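*Asks:* Here's a sequence, model it:
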Amino acid sequence: MIKQYFQDLKLEFKNYDLRKFTLDAMAGLTVTAVALPLALAFGVSSGADAAAGLITAIIAGVLIGGLSGASYQISGPTGAMSAILLSLAMRNGIQGVLLAGFLSGIILLLAAAFRFGKLVSFIPSPVITGFTSGIAIIIALGQIDNFFGTTSHGENAVQKLLSYGELGFSPNLYAIMFGILVIIVMLIWPKKWNAKFPSSLAGIIIALSVNWIFDLPVNVVGNIPKSLISENRLIFGSFTISNIISMMSPAISIAMLGMIESLLCGASAGKMKNEKINADRELIAQGIGNIIIPFCGGVPATAAIARTSVAIKSGGQTRLVSIIHSAGLIASMFLLGNVMSRIPLSALAGILMVTAWRMNEWQEIKYIFDKKFGTAIMEFVITMAATVMFDLTIAILIGVFFAIMMYVVKNSELQINASPVDLKRIKGHESSSDYSNTKIIYLTGPMFFMTRQKLSQLTEYAEDAENIILSMRAVTTIDESAVSELKQIIIKLNESNKNILFCGLQNNVKDMFDRSGLTSLINEEYFFWDAIEALRYLKIIQTEA
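*Replies:* Numbers count the residues shown, from 1 in each chain. Below is the predicted model:
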């Protein structure tokens, strides 16, 4: 894999010149403008601080971006990740968040080693849409305090919301003003301007300017240290057996989200740039990054579709875009740290409110509801509710399990249809042939334990005929329960002196017949590829009789 990495790197930078570097530099600075307000906001919304968000974006940009499985991935703190981290910070503090992030990096490396990246493709689209909407709800609920300038308590967004009944709800009008101001700016900002100057950055600058001039009584970001290693970094004293065990469950959730978000981002952005992502290498990059970032005081990172798409649309050529964007963030930290410390938290909350709204896959949601896809709607709603009420891991498992169950139920129906012989479909038949006592029974669908009861109805279909041809061309699978039931039916029909012939058996079905002894019970001569051959064989039997 290391050899392949350097080969891909050599190919990526083949014929690299000043023109391509200029494109990378401009794209990197554009991504910086997008990432700066988001890094600050996601740092705060993760239960840490704005500095943690900046540190995460900077290190992820250099480390994960440099090792990435594609030339275009931009990683950093994300809204989806912050939704998980906020409740974790409430329960276990910042050291719990950092330790879980470190453990998630190890899990991501193991996922890469076992090539688990392919599992992402098995998650149904409505499930992904559901947990994305669930995360959006968590983000929005988690920003109520910052947006309204209020206080609450609880281990998750729902508990914090319910705590207002106990603590009361006394909003700060100035905080609300800043939040609404940023939302309005982001909503009315022209799209053609957004490509060059992001609406979120414009909103932050306007809110900062107002607060700088009037110095209003609102909570602000606070001190941003001029260092890439925070005082609130992961310490080795946190590595106790009890801490590691207690953090394994959230670490798995963080790793799952990192894997899903990074690989889906890579697949989506890869179509934009016509470049396929190396999933295993991307997971290794995410794993290494999330192992190192906590020791600097950063929160868990993952690939971000918004920043990645901006990088591509801005003309980015190579992974230098990610590194240059980190350089821009470093410059912002050292040169603008004192200015950014005056940003109202409610302004960042406004950014996150709009981000939460926009991260919903509205086109996909509208599609499944407009087309009234009942199963997809249920998968979406159940996963969304589970994401809000539980954590991501449980929500994904519930969503996937429900999708599998619905698929099994919808596709487990065994259809049985019987019809008399149609002589017009038999070439070269003789008018003297008599098939009045012959019936063809068509079986369609899987034959397994869930269809065993339906299979028992075969005897009813076969009551009024002496010769039975079971057409099983549309039976793709059969298990031992169905074979056992079919054996009992064959024995019962043989006792009634009926001729039982089979046609159209798939190879795997015939193999089950052979292994179970059903073939020897029936007689090998009574198996045919199509019903016409079976009918001709019946004619021979009748002639000999």
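
*Asks:* Quick check: L486 is in a helix.
*Replies:* Yes - assessed with DSSP: H, G, I helix; E, B strand; the rest coil, L486 lies in a helix.

*Asks:* Now for it, how many residues are close by?
*Replies:* For L486, the neighbour count with other Cβ atoms under 10 Å is 25. C-beta coordinates here come from the backbone N, C-alpha and C atoms, glycine included.

*Asks:* so who does it touch?
*Replies:* By Cβ atoms under 8 Å, 6 or more residues apart in numbering, the contact list for L486 reads M447, L455, L458, I478, L518.

*Asks:* Likewise for A50?
*Replies:* By Cβ under 8 Å, 6+ apart, A50 lies in contact with A39, L40, A41, G43, V44, V221, G222, I224, M340, I343, L348.

*Asks:* Kindly recompute the last result at 6 Å.
*Replies:* Applying Cβ atoms under 6 Å, 6 or more residues apart in numbering, we find A50 in contact with L40, G43, V44, V221.

*Asks:* Out of these, which is nearest to I382?
*Replies:* Proximity of the contacts of A50 to I382 (Cβ to Cβ) peaks at V44, which lies at 30.6 Å.

*Asks:* What number of residues are in the vicinity of that closest one?
*Replies:* V44: 28 surrounding residues under other Cβ under 10 Å.

*Asks:* Could you do N274 as well?
*Replies:* Neighbours around N274, by other Cβ under 10 Å: 6.

*Asks:* and if you look at K510?
*Replies:* K510: 16 surrounding residues under other Cβ under 10 Å.

*Asks:* Can you classify it as helix, strand or coil?
*Replies:* helix.

*Asks:* ok, it to G504 distance?
*Replies:* 10 Å (Cβ to Cβ, to the nearest Å).

*Asks:* Also I312?
*Replies:* Look at I312 and G504: by Cβ to Cβ, they are 51 Å apart.

*Asks:* Please apply the same query to T383.
*Replies:* Distance of T383 to G504, given as Cβ to Cβ: 40 Å.

*Asks:* which element is the residue positioned nearest the centre of the chain on?
*Replies:* Geometric centre of the chain, nearest residue: I128, 4.2 Å, by Cα atoms, centre = their mean. I128 is part of helix 125-142 when elements are defined by DSSP states H and E.

*Asks:* How about T22?
*Replies:* Going by DSSP H and E, T22 is part of helix 18-45.

*Asks:* avg pLDDT for that helix?
*Replies:* Helix 18-45 shows an average pLDDT of 93 in the prediction.

*Asks:* Put the alpha carbons of the helix or strand just after that helix into CSV.
*Replies:* Next in sequence after helix 18-45, counting helices and strands by DSSP H and E, comes helix 50-59. Output in CSV follows, covering the C-alpha atoms of helix 50-59 (Å, rounded to 0.1, in the frame of the first residue of the first chain):
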residue,chain,number,x,y,z
ALA,A,50,-13.1,27.4,19.1
ALA,A,51,-9.4,26.8,19.3
ALA,A,52,-10.0,23.0,19.3
GLY,A,53,-11.9,23.4,16.0
LEU,A,54,-9.1,25.3,14.5
ILE,A,55,-6.4,22.9,15.6
THR,A,56,-8.5,20.0,14.2
ALA,A,57,-8.9,21.6,10.8
ILE,A,58,-5.2,22.6,10.6
ILE,A,59,-3.7,19.2,11.5
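
*Asks:* how much distance is there from helix 50-59 to the middle of the chain?
*Replies:* Its chain's average C-alpha position is 25 Å from that of helix 50-59, according to Cα atoms, centre = their mean, to the nearest Å.

*Asks:* Quick check: phi and psi at K196.
*Replies:* With angles defined as degrees, to the nearest 10, K196 sits at phi -100, psi -30.

*Asks:* Now for the nearest residue to K410 once chain neighbours are set aside, how many residues are close by?
*Replies:* Leaving aside its chain neighbours, K410 sits nearest to T375 (7.1 Å; criterion: Cβ to Cβ, 6 or more residues apart in numbering). Each residue near T375 was counted by other Cβ under 10 Å, and the total is 17.

*Asks:* Give me the distance between T375 and L119.
*Replies:* From T375 to L119 the distance is 21 Å (Cβ to Cβ).

*Asks:* Same check on I288?
*Replies:* I288 is 21 Å from L119, by Cβ to Cβ.

*Asks:* of these two, who's got more company?
*Replies:* More neighbours surround I288 than the other of I288 and L119, with 18 against 15 (other Cβ under 10 Å).

*Asks:* got any ranges where the stretch 201-350 of the chain has weak pLDDT?
*Replies:* For the stretch 201-350 of the chain, applying pLDDT under 70 flags no range at all.

*Asks:* sorry, back to before: check which helices and strands the helix holding T22 sits against.
*Replies:* Judged by 3 or more Cβ pairs under 6 Å, 6 or more residues apart in numbering; DSSP states H and E, helix 18-45 is in contact with helix 50-59, helix 199-214, helix 305-313, helix 320-340, helix 345-359.

*Asks:* need those in JSON lines with distance to D8, can you?
*Replies:* Putting the helices and strands packed on helix 18-45 into JSON lines (distance: least, Cβ to Cβ, whole Å) gives the following:
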{"stretch": "helix 50-59", "distance to D8": "22"}
{"stretch": "helix 199-214", "distance to D8": "33"}
{"stretch": "helix 305-313", "distance to D8": "18"}
{"stretch": "helix 320-340", "distance to D8": "14"}
{"stretch": "helix 345-359", "distance to D8": "30"}
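
*Asks:* Quick one: closest of those helices to D145.
*Replies:* The nearest among the helices and strands packed on helix 18-45, by Cβ to Cβ, is helix 345-359 at 8.2 Å.

*Asks:* packing partners for that closest one?
*Replies:* Against helix 345-359 (3+ Cβ pairs under 6 Å, 6+ apart) you get helix 18-45, helix 125-142, helix 144-148, helix 173-188, helix 199-214.

*Asks:* Which of the residues in it are classified as buried?
*Replies:* Neighbour counts over helix 345-359 (16 or more other Cβ atoms under 10 Å) mark 345-356, 359 as buried.

*Asks:* between the helix or strand following that helix and helix 125-142, how many degrees?
*Replies:* Per DSSP H and E, the first helix or strand lying C-terminal to helix 345-359 is helix 362-370. Computed with axes from the mean of the first three to the mean of the last three Cα atoms, to 10 degrees, the direction of helix 362-370 lies at 120 degrees from that of helix 125-142.

*Asks:* Tell me how far helix 362-370 lies from the chain's centre.
*Replies:* Centroid separation for helix 362-370 versus its chain: 17 Å, with Cα atoms, centre = their mean.

*Asks:* Buried residues of it, list them for me.
*Replies:* The neighbour-count check on helix 362-370 (16+ other Cβ under 10 Å) flags E364, I365, I368 as buried.

*Asks:* OK, contacts around the closest residue to the second one other than its chain neighbours?
*Replies:* Distance criterion Cβ to Cβ, 6+ apart; nearest residue to I365, sequence neighbours excluded, is T129 at 6.3 Å. The neighbourhood of T129, defined by Cβ under 6 Å, 6+ apart, consists of E361, E364, F380.

*Asks:* got it, and L86?
*Replies:* L86 neighbours (Cβ under 6 Å, 6+ apart): G47, G142.

*Asks:* Please identify which helix or strand holds it.
*Replies:* Element membership of L86, judged by DSSP H and E, is helix 79-113.

*Asks:* what does D8 give?
*Replies:* Using DSSP H and E, D8 falls within helix 2-12.

*Asks:* picking that back up, ok, the residue nearest to K410 to S125 distance?
*Replies:* T375 is 12 Å from S125, where distance means Cβ to Cβ.

*Asks:* now do A140
*Replies:* In terms of Cβ to Cβ, A140 sits 23 Å off from S125.

*Asks:* So for those two, which residue has more residues nearby?
*Replies:* Shown here are A140 and S125; by other Cβ under 10 Å, A140 has more neighbours (20 against 15).

*Asks:* didn't the more buried one look like it was pressed against A356?
*Replies:* Yes - assessed by Cβ atoms under 6 Å, A140 is found in contact with A356 at 4.4 Å.
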